[in-house]
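A.B. asks: Predicted coordinates and the sequence they were generated for:
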Amino acid sequence: MGVPIILSFLAYIVGMLAIGVYFYKKTSDIGDYFLGGRQLGPAVTALSAGASDMSGWLLLGLPGYMYASGIVSFWLALGLTIGAYLNWLYVAKRLRVYTELANDSITLSDYFESRFEDHSHILRLVSAIVILIFFTLYTSSGLVGGAKLFEASFGIPYGTSLWVGAIVIISYTFLGGYQAVSWTDFIQGLLMMGALVMVPIVVMSDVGGFGAAVDQVRSIDVKRLDILSGTTFIGIISLMAWGLGYFGQPHILVRFMSISSKGEIPKARRIGMTWMILSMAGALSVGFFGIAYVQSHGISLEDSEKIFINLTQILFNPWISGILLAAILAAIMSTIDSQLLVSSSAVTEDIFKTFLKKDATEKQLVWFSRGSVIVISVIALLISADKDSKVLSLVSYAWGGFGAAFGPVVLFSLFWRGMSKNGALFGMIAGAVTVVVWKNLSGGIFDLYEIVPGFLLCSLVIVVLSLREQPSASILQKFESVEEQVKL
């Protein structure tokens, strides 16, 4: 690949590590390490939420899906866009207010326990287990994407590529905690959006413009221009249902918890949604115009998820290509670091501090959290060993798990004063178990995405069990206080 690309990668990696070292010196307690002291501004909050949400699938999985299936992939993008907007509009402000009033909760598990005054800690434990299971899978998807990038760019064997990417990400997450993760995500988000705007424009120009690209795709397979091709009503519901996942993603929800004030959320929403729409449109365009480019130039593409990588290597000079390829690494790193941090918080706050060492000092908690980052990373590496793994497939499993287990619990807890602890607990379990069982059925049932039955069953259990109990006066009083604060 040559010196320019290598130097571009190295400069990017050194920059990310420098941010980690900088915030290492500013991290003094566990609140700083996991939530950044609730001091983030709207721009950093918005782009770090978007970048940690999208991950490597935005530059690998989504373009690859468009390349392989055509514009039917639009339904997936539409569902995600609607879900993200509703999450910003209805969940962000209430969650920011509620988590501060609920004993200044710094993790989602912490919030669940405080919201329902669960002195048994069972809600904390179960939610921590769910986080560890699905985030280990989610982290694996990012490591697979990173390995594909290094393998395609530098010819490094897949196994070695896994370790190279993991070491970089672990290093700055280990050092700097939440602020390092958020600021690196902010930079990575800008880089991702820039790449996704630039690449499709250049590809479209190379194939002769939009009309020529459409004609080329039509000559290859007219079905790729049919938004209903190869799918059914159930299939469209499954693609749109990805939007439900937003309400239960811990690494996104924690961004709402960490913004400096609830008054900054509308500004963050506008920034975040603009970023998302531009980035999603760019990712779909890369896959679509990539179909025409590959065909017109007689290129053999064995793995559709490498379309973005191949186009950047072919169409740009080595210096620009290096920067664009670094955007893929940015997308991967921006999600893995957030997932590692949330997983670490689950081990540290929800298991170690709560059940094993209640008198742990702040310093001990921070260092235990850093050790957890390493252990979780190693487990994810072992899962990622299969080089034939598909990024989008791994992401869909984890995304569905969180959406079904946590999504209804978050929504009902924020908007229904009558929700009970048992409703939250057994709803969470029902959602998670349904996703696992449904996913492992042969081909699923009706090819329906597992988040749909999981989300519905979780909601049903919450309602049925909550109607049988009466919340305490203190729970109701706190809920009313949140209502008043949200209206201000």
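C.D. replies: Done, it's in. Numbers count the residues shown, from 1 in each chain.

A.B. asks: can you pull out the helices in the stretch 301-450 of the chain?
C.D. replies: 307-315, 318-347, 362-383, 391-415, 421-440 (DSSP state H, counting those that start in this stretch).

A.B. asks: Which one of the ones you listed lies nearest to Ser153?
C.D. replies: Closest to Ser153 of the helices of the stretch 301-450 of the chain is helix 318-347 (Cβ to Cβ; 5.6 Å). C-betas here are computed from N, CA, C, even on glycine.

A.B. asks: what is the mean pLDDT for that closest one?
C.D. replies: Mean pLDDT, helix 318-347: 72.

A.B. asks: can you put the helices of the stretch 301-450 of the chain in TSV and add mean neighbour count and distance to Val254?
C.D. replies: Shown next, in TSV, are these (neighbours: other Cβ atoms under 10 Å; distance: least, Cβ to Cβ, whole Å):
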stretch	mean neighbour count	distance to Val254
helix 307-315	22	28
helix 318-347	26	6
helix 362-383	18	14
helix 391-415	25	12
helix 421-440	21	17
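
A.B. asks: of those helices, which approaches Asp110 most closely?
C.D. replies: helix 318-347 (8.5 Å).

A.B. asks: for that closest one, packing partners?
C.D. replies: Contacts defined by 3 or more Cβ pairs under 8 Å, 6 or more residues apart in numbering; DSSP states H and E place helix 318-347 against helix 3-24, helix 30-35, helix 42-54, helix 122-154, helix 158-206, helix 250-258, helix 307-315, helix 362-383.

A.B. asks: weakest of those helices in terms of mean pLDDT?
C.D. replies: Lowest mean pLDDT of the helices and strands packed on helix 318-347: helix 30-35, a mean of 51.

A.B. asks: Can you tell me the centre-most residue of this protein?
C.D. replies: Closest to where the C-alpha atoms of the chain average out (Cα atoms, centre = their mean) is Asp53, at 3.0 Å.

A.B. asks: Could you double-check that that one lies in contact with Ala84?
C.D. replies: Yes. The pair Asp53 and Ala84 qualifies as a contact (Cβ atoms under 8 Å) at a distance of 7.3 Å.

A.B. asks: list residues touching both of these two?
C.D. replies: Tyr246 (Cβ atoms under 8 Å, 6 or more residues apart in numbering).

A.B. asks: before we move on, back to that, dump the helices and strands packed on helix 318-347 to a markdown table, plus distance to Asp226.
C.D. replies: Listed next are those as a markdown table, based on distance: least, Cβ to Cβ, whole Å:
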| stretch | distance to Asp226 |
| --- | --- |
| helix 3-24 | 38 |
| helix 30-35 | 46 |
| helix 42-54 | 26 |
| helix 122-154 | 29 |
| helix 158-206 | 21 |
| helix 250-258 | 33 |
| helix 307-315 | 20 |
| helix 362-383 | 36 |
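
A.B. asks: Which one, of the helices of the stretch 301-450 of the chain, ends up nearest to Ser140?
C.D. replies: Using Cβ to Cβ, the nearest of the helices of the stretch 301-450 of the chain to Ser140 is helix 362-383, at 4.2 Å.

A.B. asks: centre of the chain versus the closest one, how much separation?
C.D. replies: Its chain's C-alpha centre and that of helix 362-383 lie 19 Å apart, by Cα atoms, centre = their mean, to the nearest Å.

A.B. asks: Show me what it is packed up against.
C.D. replies: helix 30-35, helix 122-154, helix 158-206, helix 318-347.
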